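> Provided below for reference: sequence and predicted model.
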Amino acid sequence: MATSTYQVFLNHSGKDKEFVKELYRRLTRDGVKCFFDIESIGWGDNWVMALERAIDECAYIVFVLSPDFCNSEWVEVERTSSNPAALKRKVRPLTLHPCRHLPTFPRFLRQSQAIDVSSGALFNESYPRICRELGGVPGDDTALADRTTVPPVHRLPKRYRMPYKSLGEGFVGRVAEIWDLYDS
């Protein structure tokens with residue numbers, strides 16, 4: 001794991017990974033440094049120690065709520081490994097699937113206001129607020145609808161080093177492949 005501090009810890013069930021991948025992609029693109037297990041835990045790192053360190057360091061914990069979240073043993077380990085008083089001010093819940101009715105819904109989250117992201121439209125509508133409140137600057141995704149041209153140029157995350165300048169509009173061909181790279 002990197003030694004730098006994370007702004008946000010993305011706490012979720014593995015069954016909700018696709019949504020969290022998109023949330024992580026957009027937040028990191030928009031300047032929010034996120035701890036996301038598949039991206040942030042290095043090969044050979046101790047999972048439990050990496051999770052505990054990230055939870056302690058982060059300013060916010062985003063809980064992606066769903067029935068799978070409520071019934072996940074790993075999620076329970078993650079959310080109970082932090083100081084409850086400190087955890088209370090870090091909590092930022094997102095409701096991916098309704099689950100407040102479940103007996104396994106965490107009691108400490110019952111009084112927390114969640115943002116509903118249960119559909120693509122609700123997520124897109126709420127994303128600017130989510131991003132700003134986590135310390136980012138929301139990007140404009142309207143230009144991303146047209147996939148017949150090369151996607152807009154963005155800075156690479158700090159862990160990547162590219163010694164060459166962007167070709168910008170001078171690059172032509174393989175548009176679909178460039179979009180695959182952009183999306184990843």
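Received it, and whenever you're ready, just let me know what you need.

> mind listing the strands in this structure by residue range?
For the chain, the strands defined by DSSP state E occupy 8-11, 34-35, 60-65, 91-95, 115-116.

> Turn the ones you listed into a markdown table, including mean pLDDT and distance to A176.
To be clear about C-beta, it is placed using only N, CA and C from the backbone, and glycine gets the same treatment. A markdown table is the format used below for the strands of the chain (pLDDT from 0 to 100; distance: least, Cβ to Cβ, whole Å):
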| stretch | mean pLDDT | distance to A176 |
| --- | --- | --- |
| strand 8-11 | 94 | 29 |
| strand 34-35 | 94 | 27 |
| strand 60-65 | 94 | 30 |
| strand 91-95 | 95 | 31 |
| strand 115-116 | 97 | 33 |
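
> May I see the ones you listed arranged in CSV, with distance to S72 as well?
What follows is the strands of the chain, written out as CSV (distance: least, Cβ to Cβ, whole Å):
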stretch, distance to S72
strand 8-11, 10
strand 34-35, 17
strand 60-65, 11
strand 91-95, 15
strand 115-116, 20
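
> Using a markdown table, please lay out those together with distance to W43 and mean neighbour count.
Listed next are the strands of the chain as a markdown table, based on distance: least, Cβ to Cβ, whole Å; neighbours: other Cβ atoms under 10 Å:
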| stretch | distance to W43 | mean neighbour count |
| --- | --- | --- |
| strand 8-11 | 20 | 26 |
| strand 34-35 | 16 | 25 |
| strand 60-65 | 25 | 24 |
| strand 91-95 | 29 | 20 |
| strand 115-116 | 34 | 16 |
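
> Can you tell me which of the ones you listed is nearest to T148?
strand 34-35 (30.5 Å; Cβ to Cβ).

> Return the distance of the closest one from the chain's centre.
7 Å (Cα atoms, centre = their mean, to the nearest Å).

> and that strand, what does it pack onto?
strand 8-11, helix 17-29 (3 or more Cβ pairs under 8 Å, 6 or more residues apart in numbering; DSSP states H and E).

> distance of the closest residue to T5 other than its chain neighbours from E18?
Nearest residue to T5 in three dimensions, chain neighbours excluded: E57, at 4.6 Å (Cβ to Cβ, 6 or more residues apart in numbering). Separation of E57 from E18 (Cβ to Cβ, to the nearest Å): 26 Å.

> neighbour count winner among these two?
E57 (15 against 8; other Cβ atoms under 10 Å).

> And the helices in the chain?
Secondary structure of the chain (DSSP state H): helices located at 17-29, 37-40, 47-57, 67-70, 73-80, 84-90, 120-133, 175-183.

> any weak-confidence spans in this protein?
Within the chain, the segments meeting pLDDT under 70 span 1-4, 77-88, 141-147, 150-172, 182-184.

> Could you list the domains of it?
Taking automatic domain parsing as the reference, the chain has its domains at 8-133, 144-183.

> most neighbours per residue, which of those?
domain 8-133 (a mean of 17; mean count of other Cβ atoms under 10 Å).
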